[in-house]
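**Student:** Predicted model and sequence follow; I will ask about them next.
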Amino acid sequence: MAMGLLAHHLAERGMQARVHSVGTLGWGGPATNHAVETLAARGLDLSEHMSRRMSGDDVGEADLIIGMTRDHVNGVIIHDRAALARTFVMGEIVRLGRKIGPRRDEQTVRSWASEAAALRQPNRPAGLASDDIADPVGEGLDVYRATADKLDLLCAEVAALLLPNGSAGEVVDIDPISQA
């Protein structure tokens, strides 16, 4: 759901972002019926989504990587320790982004992410428990809707932080990481 919501909010602001969704478990398969239904109610089509396992190329190419949990961030770091400077828990990138402020026109997404990462406590894992977004898989439709509500607000804020004044005329790669 994060992929669809983030892509939607970035497109609304004019960014040509390649928003990919990969998983740390990678069991493969379509989005759950509840996820498809939840986003369809918001006018977003997730029906063609197929989950896939994260690869080293996904990590290497992404300008910004957003995990739903600290475990996802750790899964990314296993692939590429240097990716820590552009890998965040969803709540963490919003929290740190508020501190550094919106991305400047001349600033790349990677540079903005590195600036946010520099605010982390030294020698501490990325994110806080409160930054995590619980996976609704196996839960009822009401839990999916509540998760989508939370993600929608966070994704809108990420988009506003990345593009405070609309399109910067660039194409970036953003990978929301999930357990799927």
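**Tutor:** Great, that's in hand.
**Student:** CA atoms for contacts and neighbours, from now on please.
**Tutor:** Will do.
**Student:** Could you list every helix and strand that the longest helix seen in the chain packs against?
**Tutor:** Secondary structure assigned by DSSP state H gives helix 141-162 as the longest helix of the chain. Here helix 141-162 touches helix 2-12, helix 33-40, helix 90-100, going by 3 or more CA pairs under 8 Å, 6 or more residues apart in numbering; DSSP states H and E.
**Student:** Tell me which of these lies nearest to residue 82.
**Tutor:** With distances scored as CA to CA, the stretch of these nearest to residue 82 is helix 90-100 (17.0 Å).
**Student:** next structured bit after that closest one?
**Tutor:** Scanning forward in sequence from helix 90-100 by DSSP states H and E, the next helix or strand is helix 109-117.
**Student:** now that next one: how far from the chain's centre is it?
**Tutor:** 14 Å (CA atoms, centre = their mean, to the nearest Å).
**Student:** For it, give me every contacting residue.
**Tutor:** Residues external to helix 109-117 that are found in contact with it (CA atoms under 8 Å, 6 or more residues apart in numbering): 63-64, 84-87, 93, 96-97, 99-100, 103, 162, 172.
**Student:** can you check stretch 39-48 too?
**Tutor:** Counting by CA under 8 Å, 6+ apart, stretch 39-48 makes contact with 1, 4-5, 8, 30-31, 35-36, 148, all of which sit outside it.
**Student:** Generate a PyMOL selection restricted to the buried entries among the residues you listed.
**Tutor:** Here is the PyMOL selection string for the buried members of the contacts of stretch 39-48, based on 16 or more other CA atoms under 10 Å:
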select buried, resi 1+4+5+8+31+35+36+148
